[in-house]
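Enquirer: A predicted structure for the sequence below; I have some questions about it.
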Amino acid sequence: MRKQECLDYSRRALLGASGALALLALLQPLRIFAQAGGGKVRIGIIGSGHIGGAIGGLWVKAGHPVLFSSRHPEELKDLVAGLGPLAQNGTVSQAVAFGDALFFAVPYGALPQLGRDYGDALQGKVVLDACNAVPARDGVIAEEVEREGIGITSQKYLLSGTRLVRAFNTLSYTIFVREANRPDPKLAIPIAADDGEALKKIAKLTPSFLAGTRGAQGTIWLDEHQNLQQTPAFPVHTVDTLGAGDVFHGAFALAITENQDVPSALRFASAAAALKCTRFGGAFAAPQRAEVSELLSHSQAAGPPSINR
């Protein structure tokens with residue numbers, strides 16, 4: 001197991017943490033992207049199958065212009081016709097050009113070719129990545145995902161100039177359709193991002209609380225005025241990051257239900273995840289409450305968050 005002197009649980013642990021979903025669903029402030037919106041955003045859908053069609057359809061119903069694409073755009077005519085004038089169909093290149101934000105929902109093995117074909121056009125764009133690697137379908141690249149982490153692998157093939165956000169990869173499309181616009185408590189969707197500008201773009205699609213962990217660089221998040229804030233990380237001797245994302249989300253959910261404010265809840269979650277990383281094992285290696293409280297009371301990282309910009 002690779003050892004590090006500072007906390008590094010952001011991408012590898014958080015990007016695959018579906019176990020945190022049930023806990024996150026307790027958080028009243030969170031909202032599914034399609035359930036509301038500030039300014040409208042043009043969205044290009046790359047891959048308009050079950051998940052792309054479902055999420056894109058919810059965005060159309062929320063008032064966002066959406067261009068659905070696939071290798072056979074003529075097959076999307078019925079989908080578009082049923083959604084009204086804000087929806088249109090086209091080629092992948094048209095969707096990439098159309099969208100201020102892009103939503104990728106294709107077999108994971110297709111990402112390298114998409115990166116080669118459209119890499120220049122993707123530069124600077126927010127890309128929401130819902131693709132999961134399936135070994136039986138995607139082959140060797142699934143092994144790379146297992147070895148390197150899915151967020152890092154997606155960034156590699158979609159090129160470093162994209163503003164990558166992992167989202168909508170943990171639940172069936174049927175659940176998104178069924179639970180959209182339900183009464184409180186709203187369905188919460190974990191996302192993973194370490195790019196503040198990407199968070200600001202996503203904020204136009206949702207009134208949700210948005211945050212992204214960045215390992216040793218701490219956690220970035222948007223306050224109620226959409227200003228980017230940063231919560232410092234806790235330096236620890238890391239031996240195992242497995243389950244750190246689950247612990248982070250679970251601790252954050254607990255703190256919110258205890259009526260802690262957001263900065264305090266994030267510091268609490270960061271401390272819990274940091275302690276988990278100092279011991280082997282997944283979520284079963286989560287620390288006790290007293291351990292988290294002790295770390296908070298003795299560490300500089302327990303101080304107020306710094307304003308990024």
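Expert: Cool, got the structure.

Enquirer: wait, a helix at Phe280?
Expert: No: Phe280 is assigned coil when assessed by DSSP: H, G, I helix; E, B strand; the rest coil, not a helix.

Enquirer: that one touches Val239, doesn't it?
Expert: Yes: between Phe280 and Val239 there is a contact at 6.1 Å, judged by C-beta atoms under 8 Å. C-betas here are computed from N, CA, C, even on glycine.

Enquirer: those two: which is more packed in?
Expert: Counted by other C-beta atoms under 10 Å, Phe280 and Val239 do not tie: Val239 has more neighbours, with 15 against 10.

Enquirer: which pLDDT value goes with the more buried one?
Expert: pLDDT, Val239: 91.

Enquirer: then Leu27?
Expert: We have a pLDDT of 32 for Leu27.

Enquirer: and Ile32, by the same measure?
Expert: For Ile32, the model assigns a pLDDT of 35.

Enquirer: excluding chain neighbours, what is closest to the residue nearest the centre of the chain?
Expert: With distances taken as C-alpha atoms, centre = their mean, Ile191 lies nearest the centre of the chain, 1.9 Å away. Leaving out its chain neighbours, the residue that sits closest to Ile191 by C-beta to C-beta, 6 or more residues apart in numbering is Ala167, at 4.3 Å.

Enquirer: give me the number of neighbouring residues for the one you found.
Expert: Ala167 is surrounded by 17 other residues when neighbours are defined as other C-beta under 10 Å.

Enquirer: for the stretch 201-309 of the chain, which segments count as strands?
Expert: Under the criterion DSSP state E, counting those that start in this stretch, strands of the stretch 201-309 of the chain are mapped to 211-213, 219-222, 228-231, 306-307.

Enquirer: can you list the residues that contact the second one?
Expert: Right, strand 219-222. Applying C-beta atoms under 8 Å, 6 or more residues apart in numbering, the contact partners of strand 219-222 are 194, 196, 199-200, 203, 209-214, 228-231, 233, 262, 266, 270, 308.

Enquirer: can you mark which positions in it are buried?
Expert: For strand 219-222, the neighbour count (16 or more other C-beta atoms under 10 Å) marks Thr219, Ile220, Trp221, Leu222 as buried.

Enquirer: surely Leu266 is in contact with Ala211?
Expert: Yes: under the criterion of C-beta under 8 Å, Leu266 makes contact with Ala211 at 6.8 Å.

Enquirer: higher neighbour count, these two?
Expert: More neighbours surround Leu266 than the other of Leu266 and Ala211, with 27 against 20 (other C-beta under 10 Å).

Enquirer: got a pLDDT number for the nearest residue to that one once chain neighbours are set aside?
Expert: Nearest residue to Leu266 in three dimensions, chain neighbours excluded: Thr231, at 4.5 Å (C-beta to C-beta, 6+ apart). Residue-level confidence at Thr231 comes out at 91, pLDDT.

Enquirer: domain parsing for the protein?
Expert: 1-29+209-309, 37-183 (automatic domain parsing).

Enquirer: okay, and the helix or strand of the protein with the least pLDDT?
Expert: Of all helical and strand segments in the chain, the minimum by mean pLDDT, DSSP states H and E falls on helix 21-24, at a mean of 30.
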